[in-house]
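In: Based on what follows, work out the 3D shape:
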Amino acid sequence: MNMAVKLPFKADHVGSLLRTEPIKQAREAYANGKIDQAALKEVEDKEIEKLVQKQIEVGLKSITDGEFRRSYWHLDFLSGLEGVEQFEASYINNFKGAKTRNDAIKVVGKVGFHDHDMLEHFTFLQDAVEKYGDGSQIAKFAIPSPNMLFTRIQGDEYYHGDRNQFYQDTVAAYQKAIQAFYDAGCRYLQLDDTSWIDFLSEERIKAAVEKFDMEVEDIISTRVQCLNDVLSKKPDDMIITMHICRGNFKSTYITSGGYDQISDAIFADIHVDGLFLEYDDQRSGDFEPLKSFKHDDKTIVLGLITSKFPELEDAAVIQDRINEASQIIPLENLALSPQCGFSSTEEGNILTEEEQWDKIRHTINIANRVWD
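Out: Predicted coordinates for the structure are as follows:
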């Protein structure tokens, strides 16, 4: 596509989409040993090609593979890093009203990046976008933020508390990952990061301080520095955004709270090209923290459309909220999207595929009215 087009798009999306029935059936058959990896991949390939065509049909310009090859938005990538393994942990349920699986990750060796499966996942997606698109679309790929490795591991069998070495190896691994995706042709990469929910409520802040044995400002600055170190070698013509999430599993969430505690950190200090923010309900707070935004070359994507429920928002109300935000940040620096993906895990949120596409069409229609 023409890279003069500013990314993120005025109507964008976070990336994950509801798994289709053939995907669900094939994954279940594979888990039960009824089909092999090759047969599973064949189904995934077909369904992703159809998904790419559907996204183009409804008018999206950022095209993803819906994360159809993943079980989790984060664990599949993290467990593919060298030195990281997935395992079943003691069950901890952080979500409000839904029981999650107890899969987790642990560090068993030196963290590194080499021959990751998701490089092939990206190239398949890009080939499909080139095959079915008209040149105005771009393949967008999402991976978890490096902060997710630091904050969500359930075991460290290698570094034994040496945070500095763990940090350095993780940064180096992610720098290699970004370059590898770039070399594969990726020009639009998204870092998904739920670690910031540690600072959205007093309860979460207290827990983070106790867990990491650090002052809250030191924890925040370490996470900012990690992202900036990872991004320091980003190619100039690669767009990297970040999505901040409060949890998304079967239409439930982990925590509530505004961005007040982290506004300077995320809006002024992190060197991403755009930020996808959750603003779909009262849990997200008001727009006041956006006053920390100082970058006229970056985009704030307002997640005003919920991916959790099927009801369509009142378009006039959404336009009013965009206008309200534009009193703080210029309209040209704003965009619109659903607040999160529709299927952060393979279970998906509680709505139908058609309701999902209605939500996406709704997002595009409102954005066209605001920015055309």
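In: what does the helix-or-strand element of the chain with minimal mean pLDDT contact?
Out: Every helix and strand of the chain was ranked by mean pLDDT, DSSP states H and E. The lowest is strand 153-156, at a mean of 84. Contact with strand 153-156 is made by 87, 89, 104-107, 166, as judged by C-beta atoms under 8 Å, 6 or more residues apart in numbering. In this view, the C-beta of every residue, glycine as well, is placed from N, C-alpha and C.
In: partners of that strand in the sheet?
Out: Here strand 153-156 has these sheet partners by DSSP bridges: strand 103-112 (parallel).
In: List the buried residues of stretch 113-126.
Out: 113, 116, 118-119, 121-122, 124-126 (16 or more other C-beta atoms under 10 Å).
In: Can you pull up the most central residue in this protein?
Out: residue 192 (3.2 Å; C-alpha atoms, centre = their mean).
In: ok now do it, which residues does it touch?
Out: If you count contacts by C-beta under 8 Å, 6+ apart, residue 192 has them with 14-15, 73-74, 142-145, 148, 242-243, 245.
In: Out of the residues you listed, the closest to residue 199 would be?
Out: residue 245 (13.4 Å; C-beta to C-beta).
In: before we move on, the earlier item: just give me the closest of the contacts of residue 192 to residue 258.
Out: For those, the nearest to residue 258 is residue 245 (14.5 Å; C-beta to C-beta).
In: you'd agree the closest one is up against residue 307?
Out: No. In this structure residue 245 lies outside contact range of residue 307 using C-beta atoms under 8 Å: 10.6 Å.
In: Report whether the residue nearest to the centre of the chain is found in a helix, as I expect.
Out: No. Per DSSP: H, G, I helix; E, B strand; the rest coil, residue 192 lies outside any helix segment and is strand.
In: Look up the pLDDT of it for me, please.
Out: Note for residue 192: predicted pLDDT of 95.
In: how near is it to residue 229?
Out: Per C-beta to C-beta, to the nearest Å, residue 192 is found 18 Å from residue 229.
In: Kindly report the same for residue 51.
Out: Counting by C-beta to C-beta, the gap from residue 51 to residue 229 is 34 Å.
In: And those two? Which one has more around it.
Out: A side-by-side neighbour count of residue 51 and residue 229, using other C-beta atoms under 10 Å, places residue 51 first with 22 against 18.
In: which residues are common contacts for residue 245 and residue 307?
Out: With C-beta under 8 Å, 6+ apart, residue 245 and residue 307 have common neighbours residue 340.
In: what sits against residue 134?
Out: Counting by C-beta under 8 Å, 6+ apart, residue 134 touches residue 56.
In: ditto for the one 3 residues further on
Out: The contact partners of residue 137, by C-beta under 8 Å, 6+ apart, come to 1, 55-56, 60-63, 129.
In: In helices, which of these fall?
Out: Under the assignment DSSP state H, the contacts of residue 137 contribute 55-56, 129 to helices.
In: Could you dump these into CSV with distance to residue 284 and pLDDT added?
Out: As requested, those are exported to CSV (distance: C-beta to C-beta, whole Å; pLDDT from 0 to 100):
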residue, distance to residue 284, pLDDT
55, 26, 98
56, 30, 98
129, 31, 98
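In: I'd like these written out as JSON lines, with distance to residue 234 added.
Out: What follows is those, written out as JSON lines (distance: C-beta to C-beta, whole Å):
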{"residue": "55", "distance to residue 234": "26"}
{"residue": "56", "distance to residue 234": "27"}
{"residue": "129", "distance to residue 234": "22"}
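In: Which of these sits closest to residue 215?
Out: The shortest gap between residue 215 and any of the ones in helices among the contacts of residue 137 belongs to residue 55, at 44.0 Å (C-beta to C-beta).
In: Tell me how far that closest one lies from residue 266.
Out: 28 Å.
In: And residue 285, by the same measure?
Out: For residue 285, the distance to residue 266 - C-beta to C-beta - is 13 Å.
In: between these two, which one's more packed in?
Out: A count of neighbours by other C-beta under 10 Å puts residue 266 above the other of residue 285 and residue 266, at 24 against 16.
In: so who does that one touch?
Out: Contacts of residue 266 by C-beta under 8 Å, 6+ apart are 196, 224, 242, 244, 259, 275.
In: returning to what we had before: of the buried residues of stretch 113-126, which belong to helices?
Out: 118-119, 121-122, 124-126.
In: Residue 333 contacts residue 294, doesn't it?
Out: No. Residue 333 lies out of contact with residue 294 (C-beta under 8 Å); the separation is 10.7 Å.
In: between those two, which one's more packed in?
Out: Neighbour count, other C-beta under 10 Å: between residue 333 and residue 294, residue 333 has more, with 19 against 11.
In: ok, and the closest non-adjacent residue to that one?
Out: Nearest residue to residue 333, sequence neighbours excluded (C-beta to C-beta, 6 or more residues apart in numbering): residue 299, at 5.8 Å.
In: likewise residue 83?
Out: residue 109 (3.6 Å).
In: likewise residue 48?
Out: Per C-beta to C-beta, 6+ apart, closest to residue 48 is residue 65, 4.8 Å.
In: Same check on residue 319?
Out: residue 370 (6.0 Å).
In: Can you give me every residue that contacts the one you found?
Out: Counting by C-beta under 8 Å, 6+ apart, the residues that residue 370 touches are 10, 319, 322, 331, 336.
In: change it to 10 Å
Out: 10-11, 315, 318-319, 322-323, 326, 331, 334-336 (C-beta atoms under 10 Å, 6 or more residues apart in numbering).
In: Highest neighbour count among these?
Out: residue 336 (28 neighbours).
In: So it: helix, strand or coil?
Out: Residue 336 ends up strand, using three-state DSSP.
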